[in-house]
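K.L.:
here is my input; please provide its structure:
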Amino acid sequence: MGKITQEQRNLYFEKVKEYKKLIEARLSKEKTLQELLNSDDPGVAYKRIAAAEEALNVASHYMLVNSVSVALLGIKNEDYLAEARRAIARSIKHFEDTVTSYIDAPFSDYEKNLEAISDLSPQSRYQLLMKLGFAIKELEDAYGEMSRWKWAFIELWGKYATVAKNLLDLKNLPANLDFDSPNREVTYNHLTMVKRLFRDSADKYREKYEIFSNKAEDFRIAILFLNAIRRVHAVLGDRDDVEELKKKADIWTAKLESDIKKKEAPKR
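P.N.:
Next up is the predicted model:
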């Protein structure tokens, strides 16, 4: 990379000045929404959703500044990427506070949370999830494959998968998938997303265990994701998938138990 000229710097700072104003406006709006979350009114869940979306808007502007830095200066802006990461984390936390962060739990455990946002249409839920997924992918791509945050993104994708599943109305899932349902297409797309995300998260957490952390907790989380998506397939009556996922979870559990015994053996 060549030396950055003063002309490049001036152009960069001029562009950033414009985006900083937009960021400040978005942050102000997010702060206002945050303050409204302290109230106990019945509509607080919808305000959390609004705050989650606004945090994503903030993140997108931070990543835009990084893109300008790469285009004009040829370098990443790590500070703005860090702010984007924090904004995405805030967004996910709002979603978790709305529909819980339960990876594998009976629908009855968080059904009331969904009732609190019953007026949020299946289309709106799916669009929000698409926006969140796009933000995570954009941030991951901005950091690059060799980033020190590589393994941290597995947790981020796992949290995303979890809120995606918990935003899905499992009670009315079969009815919404009916050919006569106006929500059929968007529900099918949402469900397909959840299935893919959960299988991917299971595989990624196992990969993290095998290659990076060697922590049993990562493998346990991987198994949780398998059991959780098996629960969804059970709701749909997908016997083959239920059986396949059960076998896979059993094999992984046996592998984890074996690994733990091997680690403990030298200590005896």
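K.L.:
break the chain down into its structural domains.
P.N.:
1-142, 168-262 (automatic domain parsing).
K.L.:
mind checking these for the one nearest to Arg148?
P.N.:
domain 1-142 (10.6 Å; CB to CB). Just so you know, the C-beta spots here come from the backbone N, C-alpha and C atoms, and that holds for glycine as well.
K.L.:
what sits against Asp79?
P.N.:
If you count contacts by CB atoms under 8 Å, 6 or more residues apart in numbering, Asp79 has none.
K.L.:
in what helix or strand does it lie?
P.N.:
helix 78-99 (DSSP states H and E).
K.L.:
quick one: that helix to chain centroid distance?
P.N.:
In this view, helix 78-99 has its centroid 10 Å away from the chain centroid, taken as CA atoms, centre = their mean, to the nearest Å.
K.L.:
from now on call the first residue 133
P.N.:
With 133 as the first residue, the last one maps to helix 210-231.
K.L.:
and it, what's buried?
P.N.:
212-213, 215-217, 219-220, 222-231 (16 or more other CB atoms under 10 Å).
K.L.:
elements contacting the helix or strand just after it?
P.N.:
Sequence-wise, the next helix or strand beyond helix 210-231 is helix 243-247, with elements assigned using DSSP H and E. With contacts taken as 3 or more CB pairs under 8 Å, 6 or more residues apart in numbering; DSSP states H and E, helix 243-247 sits against helix 210-231.
K.L.:
can I get the CA coordinates of the helix it packs on in CSV?
P.N.:
C-alpha atoms of helix 210-231 as CSV (Å, rounded to 0.1, in the frame of the first residue of the first chain):
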residue,chain,number,x,y,z
GLU,A,210,-11.0,-0.4,13.4
ASP,A,211,-12.6,2.2,15.7
TYR,A,212,-15.7,2.4,13.6
LEU,A,213,-15.9,-1.3,13.1
ALA,A,214,-15.7,-1.7,16.9
GLU,A,215,-18.6,0.7,17.2
ALA,A,216,-20.6,-1.2,14.6
ARG,A,217,-19.9,-4.4,16.5
ARG,A,218,-21.2,-2.8,19.7
ALA,A,219,-24.3,-1.5,18.0
ILE,A,220,-25.1,-4.9,16.6
ALA,A,221,-24.6,-6.4,20.0
ARG,A,222,-27.1,-3.9,21.4
SER,A,223,-29.6,-4.8,18.7
ILE,A,224,-29.4,-8.5,19.5
LYS,A,225,-29.7,-7.7,23.3
HIS,A,226,-33.0,-5.9,22.5
PHE,A,227,-34.3,-8.9,20.6
GLU,A,228,-33.2,-11.2,23.4
ASP,A,229,-35.0,-9.1,26.0
THR,A,230,-38.1,-9.2,23.8
VAL,A,231,-38.3,-12.9,22.9
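K.L.:
average pLDDT for it?
P.N.:
Across helix 210-231, the average pLDDT comes to 98.
K.L.:
also stretch 170-186?
P.N.:
The pLDDT scores in stretch 170-186 average 90.
K.L.:
could you dump it to PDB, C-alpha only?
P.N.:
This file holds the C-alpha atoms of stretch 170-186, laid out as PDB (Å, rounded to 0.1, in the frame of the first residue of the first chain):
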ATOM      1  CA  ASN A 170     -37.600   2.000  31.400                       C
ATOM      2  CA  SER A 171     -41.400   2.300  31.400                       C
ATOM      3  CA  ASP A 172     -43.800  -0.500  32.300                       C
ATOM      4  CA  ASP A 173     -46.400   0.200  29.700                       C
ATOM      5  CA  PRO A 174     -47.900  -2.700  27.700                       C
ATOM      6  CA  GLY A 175     -46.200  -1.500  24.500                       C
ATOM      7  CA  VAL A 176     -42.600  -1.700  25.800                       C
ATOM      8  CA  ALA A 177     -41.900  -4.900  23.700                       C
ATOM      9  CA  TYR A 178     -42.600  -2.900  20.500                       C
ATOM     10  CA  LYS A 179     -40.300  -0.200  21.700                       C
ATOM     11  CA  ARG A 180     -37.500  -2.800  22.200                       C
ATOM     12  CA  ILE A 181     -38.000  -3.900  18.700                       C
ATOM     13  CA  ALA A 182     -37.800  -0.300  17.500                       C
ATOM     14  CA  ALA A 183     -34.600   0.200  19.500                       C
ATOM     15  CA  ALA A 184     -33.200  -3.000  18.000                       C
ATOM     16  CA  GLU A 185     -33.800  -1.700  14.500                       C
ATOM     17  CA  GLU A 186     -32.400   1.700  15.300                       C
END
